[in-house]
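In: sequence first, predicted model second:
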Amino acid sequence: MSNNAPTIIVDSTPEAKAAFYAELQSFVGLEIGEPMPAPDEVNLPMIRHLVEAVGDRNPIYTDPELAARSIHGGIVAPPTMLQAWVMHGIDGPQRGGDGPYEKMNELLFSRGFTSVVGTNSEQTYKRYLRPGDRLTMRTVIDSISDEKTTGLGTGHFVSTRQDYYDADNELVGSMLFRIFRFQPKAKAPAAKPKPPRPRPATTHDNQWWFDELNDGRLCAQACAECGRVRFPTGPLCPSCHSRSYDKVEMPMSGTIHSFVVAHYPQVPSFDYPLPIVLVDIDPSTSHAGKPGNDKVRMIMNTADCPESALAVGARVRIEIRATDPDMKLPFAIIDATGATS
Amino acid sequence: MSINRPGNRLGGKAAITGIGATEFSKDSGRSEMSLASEAVAAAIADAGLKPSDIDGMVTYSTDNNPDVEIARHVGIGSLRHFSRVHYGGGAACGTIVMAAMAVATGVADAVVCYRAFNERSGRRFGAGVQDLPLAATAERAQFSWTTPFGQLTPASWVAMVARRYMHLYGATSEDFGRVAVAGRKHAANNPAAWFHNEPITLEDHQASRWIVDPLHLLDCCQESDGGQALVVVSAERARDLPNKPALIVAGAQGAGDEQWTMTSFFRDDIAHLPEMKVVADELWTSSGLTPADIQTAILYDHFTPYVLMQLEEFGFCGRGEAKDFIADGALEIGGRLPINTHGGQLGEAYIHGMNGIAEAVRQIRGTSVNQVDSVENVLVTAGTGVPTSGLILGVDR
């Protein structure tokens, strides 16, 4: 299937479509080309090549004695070789010219059905073939479907039927071969991958907080000397000026202090409208009573809740989720009970 | 920070005597240096001074135009003082404070303060920090607590405070909208304003699209290209120059407790502006003035909710009462406290607050397009949500 198919303008009015379909149906039943004789009669060497290639050890195909004692009374050819007996090599007779098949294809092409894919074939057998049978194949256009749309595009299924006759002009088998002639679906432009979210600018003073987040922990900072809790992070305890600190894992719950919904300008890393919430994080149990423990507040986005659920005072559950392969961020999920404080 | 101290003695020592600006546009089509040089030259000329009279220059740390290069282009020559003030728009009045300190102490005689940028056609501040390169610095890392969550822009930071304020005090989006309506009403009458002749209604405000809920588009100031400069000299010298002096009655900077740059989300109470309270206390205490002494104010209006909070921090009304204070067109010309008579940054241009100081000077001179009657004192503030600054300019008596 070509992606560079020419753009063909077609008259797509119902009348034009009906006329086209009627013209298309006029090809059904027409014979394609001259009857094609098999290059060789049915023969044991070809049978042996096939059954060896496919690993079929049924003796009726190759063992004259066993085959003679079977219901066939002698060697028969595998029925699926039906088509093979009439196949020519690549230098064999070529179909071409301006027969009905070519005309049908031109008609389909003119309506924009420029691509083709084989879909399936079905064989039916009247009798087993035996070495010495010499076949002739005749091909007709068996059926043409209504317009159909598949995953590939819109078009028509065209079935040709190859009928195989023996030397007595008796029908020994047939094969339906179905193709789909279609107009390729316009390829949706490849979805541009979302660029990663803006990275935080990090320093010695805040890198650890993002590292903890990536390890699944939502932290505040507590002075290792006096216990004062602080957030956002900083190099000194504002109370005692100690540089030593503990990482305090905070509860995954809080209350919306304020919120906005961003509409413009739109940055491709995000979906809009984009809710952004400022959350009062519940105090940590490990630092209960310490100054600052009840003042930890963070910006985050929301997840799994509609914009209409946003409210100052709404209780939220917090989850840490990956936003990019290398970044995790906290998300607020608004409590469905709508509890407010 | 100790409150009991001898006090800020800057008042009365210096005056703004020259103002100059470029056109305000969305695409200047020229360099920021061109804008800066033109504004500086215009301010010096307006002051009745020669470029060589200037011996000090002050700008924002975020300005891209080196003072010495402007000095070369304008022909200023040698400089005795040059300093820069940090925190974006919070620097605006701070540049005048630096200049006033310099002339009050004799460090310099005539200081030009300037801000010029192609903020609309070049790097837009509204885009936020999404494109700032990562760096292992505290200044960059301070944004790490918000940016991975998509909170990347000034509007998104201000909206977080605004929502809490609405929750606590019952203010509505329409209350914010009244600030925008006032600014656009004043701009409509100002030929220099981008939104000249383009007033809006409260319905327009409510119908404008969300930027960051609860902020509509019309809660956010515009983005602009342009330049503004002002000349500061001693009060004595100002009296000898052609323009009516705009006396610096008081000037102060302020950073609050638990201060962050735009993201002070970790304070006990996020729904106010303690940094502006520091400024307000300094201005009132050092000048002896009260809100009743102010006839008109320039309140920094990059986002409308912060205008309500500033009214509260300066004591024009109590905490949470701004929504009532501003009802009935109080902020519009003819109202109880007309603000941003040039149209503000919502209506005139976003020149990082510097154009507001120039409007305060015009109100003192009596030359505003929306002149308020009997102006004695004008309050001016700088960027909100960041460490900031403020001024009271007054008529020299």
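Out: Perfect, thanks for sending it.

In: and chain B, which of its residues are near chain A?
Out: B:126-128, B:130, B:134-138, B:140-141, B:143-153, B:156, B:159-161, B:163-164, B:167, B:209-214, B:265-266, B:268, B:270 (Cβ under 8 Å from any Cβ of the partner chain). Just so you know, the C-beta spots here come from the backbone N, C-alpha and C atoms, and that holds for glycine as well.

In: just the buried ones from the residues you listed?
Out: The neighbour-count test (16 or more other Cβ atoms under 10 Å in any protein chain shown) marks B:126, B:128, B:140-141, B:143-153, B:156, B:159-161, B:163-164, B:167, B:210-214, B:265-266, B:270 as buried among those.

In: okay, buried residues for stretch B:377-397 please.
Out: Neighbour-count burial for stretch B:377-397 [16+ other Cβ under 10 Å]: B:377-395.

In: next secondary structure after the host helix or strand of residue A:258?
Out: Using DSSP states H and E, residue A:258 sits within strand A:253-262. Next along the chain after strand A:253-262, taking DSSP H and E as the criterion, comes strand A:274-281.

In: that next one near chain B anywhere?
Out: Yes. In terms of Cβ under 8 Å from any Cβ, part of strand A:274-281 sits within range of chain B, namely A:274, A:276, A:278.

In: which of those are buried? Put it as a PyMOL command.
Out: A single PyMOL command selects the buried members of the residues of strand A:274-281 next to chain B (16+ other Cβ under 10 Å):
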select buried, chain A and resi 274+276+278
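
In: mind putting the residues of strand A:274-281 next to chain B into JSON lines with pLDDT?
Out: Formatted as JSON lines, the residues of strand A:274-281 next to chain B follow (pLDDT from 0 to 100):
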{"residue": "A:274", "pLDDT": "98"}
{"residue": "A:276", "pLDDT": "98"}
{"residue": "A:278", "pLDDT": "98"}
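
In: what's the closest of the residues of strand A:274-281 next to chain B to residue B:287?
Out: Proximity of those to residue B:287 (Cβ to Cβ) peaks at residue A:278, which lies at 36.6 Å.

In: identify the residues contacting that closest one.
Out: Neighbour list for residue A:278: A:256, A:257, A:258, A:259, A:297, A:298, A:299, B:160, B:164, B:265, B:270 [criterion: Cβ atoms under 8 Å, 6 or more residues apart in numbering or on different chains].

In: 10 Å - rerun?
Out: Residue A:278 makes contacts with A:254, A:256-260, A:297-300, A:312, A:332, B:146, B:151, B:160-161, B:163-164, B:263, B:265-266, B:270, as judged by Cβ atoms under 10 Å, 6 or more residues apart in numbering or on different chains.

In: quickly list what it is bridged to.
Out: On the basis of DSSP bridges, residue A:278 is bridged to residue A:258, residue A:299.

In: do you know how far it is from residue B:149?
Out: 10 Å (Cβ to Cβ, to the nearest Å).

In: who touches both of those two?
Out: A:298, A:299, A:300.

In: grab the nearest non-local neighbour of the first one.
Out: Once flanking residues are discounted, residue A:298 sits nearest to residue A:279: 5.5 Å by Cβ to Cβ, 6 or more residues apart in numbering or on different chains.

In: now do the same end-to-end measure for stretch A:181-201.
Out: Distance between the two ends of stretch A:181-201: 56 Å, counting by Cα to Cα, to the nearest Å.

In: what mean pLDDT does it have?
Out: For stretch A:181-201, the mean pLDDT works out to 85.

In: give me the buried positions along it.
Out: In stretch A:181-201, counting by 16+ other Cβ under 10 Å, buried: A:181, A:182, A:183, A:184, A:197, A:198, A:200, A:201.

In: those in strands, which ones?
Out: Residues of the buried residues of stretch A:181-201 located in strands (DSSP state E): A:181, A:182, A:183, A:184.

In: list the buried ones in stretch B:5-22?
Out: Quick answer for stretch B:5-22 (16+ other Cβ under 10 Å): B:8, B:10-22.

In: from those residues, pick the one nearest residue A:113.
Out: residue B:22 (64.6 Å).

In: got a list of what that closest one touches?
Out: Counting by Cβ under 10 Å, 6+ apart, residue B:22 has contacts B:28, B:30, B:34-39, B:42, B:116, B:192, B:225-229, B:349, B:351.

In: ok, back up a step: make TSV out of the buried residues of stretch B:5-22 and add distance to residue A:158.
Out: TSV is the format used below for the buried residues of stretch B:5-22 (distance: Cβ to Cβ, whole Å):
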residue	distance to residue A:158
B:8	93
B:10	93
B:11	95
B:12	98
B:13	97
B:14	93
B:15	94
B:16	88
B:17	92
B:18	88
B:19	84
B:20	82
B:21	77
B:22	74
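
In: sort the residues you listed by pLDDT and name the bottom one.
Out: residue B:8 (91).

In: what sits against the nearest residue to it once chain neighbours are set aside?
Out: Distances taken as Cβ to Cβ, 6+ apart place residue B:286 nearest to residue B:8, at 3.9 Å, with adjacent residues excluded. Contacts for residue B:286 were tallied using Cβ under 10 Å, 6+ apart; they are B:7, B:8, B:9, B:10, B:11, B:12, B:249, B:250, B:251, B:252, B:392.
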